[in-house]
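> I need the structure of the sequence given here:
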Amino acid sequence: ILASGADENGEFALPLEDDKAAAMLTAMDKELPVGADEDATEGVLGHAYGYMKKASDDNLEGMVVLIQGVLQMWAAREVRAASGD
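Residues are numbered from 1 along each chain as shown. Okay, here's the model as predicted:
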């Protein structure tokens with residue numbers, strides 16, 4: 001999911017450009033469909049928080065912000081689906 005938001009050199013420009021955010025949402029739809037089972041959800045959250053901790057420990061604050069953004073996109077998508085929008 002993260003890789004789809006990177007440029008051709010594997011770098012991230014923050015804030016994400018609209019096309020990169022859309023690419024990440026498309027990848028998210030493929031890798032973790034809306035309403036995925038609880039085990040998949042827990043796995044995603046666990047990995048995300050683990051990567052955020054590692055990035056923070058390595059002083060890669062831009063990566064922490066990027067992962068937080070992905071989590072926000074994922075949460076917004078789940079809330080929209082649960083509300084029937």
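> Counting neighbours, what do you get for V70?
Other residues lying near V70 total 21 when counted by other CB atoms under 10 Å. C-beta here means a position set from N, CA and C on the backbone, and glycine is covered the same way.
> quick one: low-confidence parts of the chain?
In the predicted model of the chain, residues 85 satisfy pLDDT under 70.
> Find the residue at the geometric middle of it.
Nearest to the geometric centre of the chain sits V70, at 2.4 Å (CA atoms, centre = their mean).
> so where does that one fall, helix or strand?
helix 61-83 (DSSP states H and E).
> list the helices and strands that helix packs on?
The contact analysis (3 or more CB pairs under 8 Å, 6 or more residues apart in numbering; DSSP states H and E) places helix 61-83 against helix 18-31, helix 38-57.
> and the gap between G43 and G50?
Using CB to CB, to the nearest Å, G43 is found at 11 Å from G50.
> quick one: A55 and I67 touch, right?
Yes - using CB atoms under 8 Å, A55 is in contact with I67, at 6.9 Å.
> ok, these two, which is more surrounded?
I67 (21 against 17).
> Chain neighbours aside, what residue packs nearest to the more buried one?
M52 (5.0 Å; CB to CB, 6 or more residues apart in numbering).
> who touches that neighbour in this structure?
M63, V64, I67, Q68 (CB atoms under 8 Å, 6 or more residues apart in numbering).
> From L45, how far out is the closest residue to the last one other than its chain neighbours?
Okay, so that is Q68. Once flanking residues are discounted, Q68 sits nearest to M52: 7.1 Å by CB to CB, 6+ apart. Computed with CB to CB, the distance linking M52 and L45 is 10 Å.
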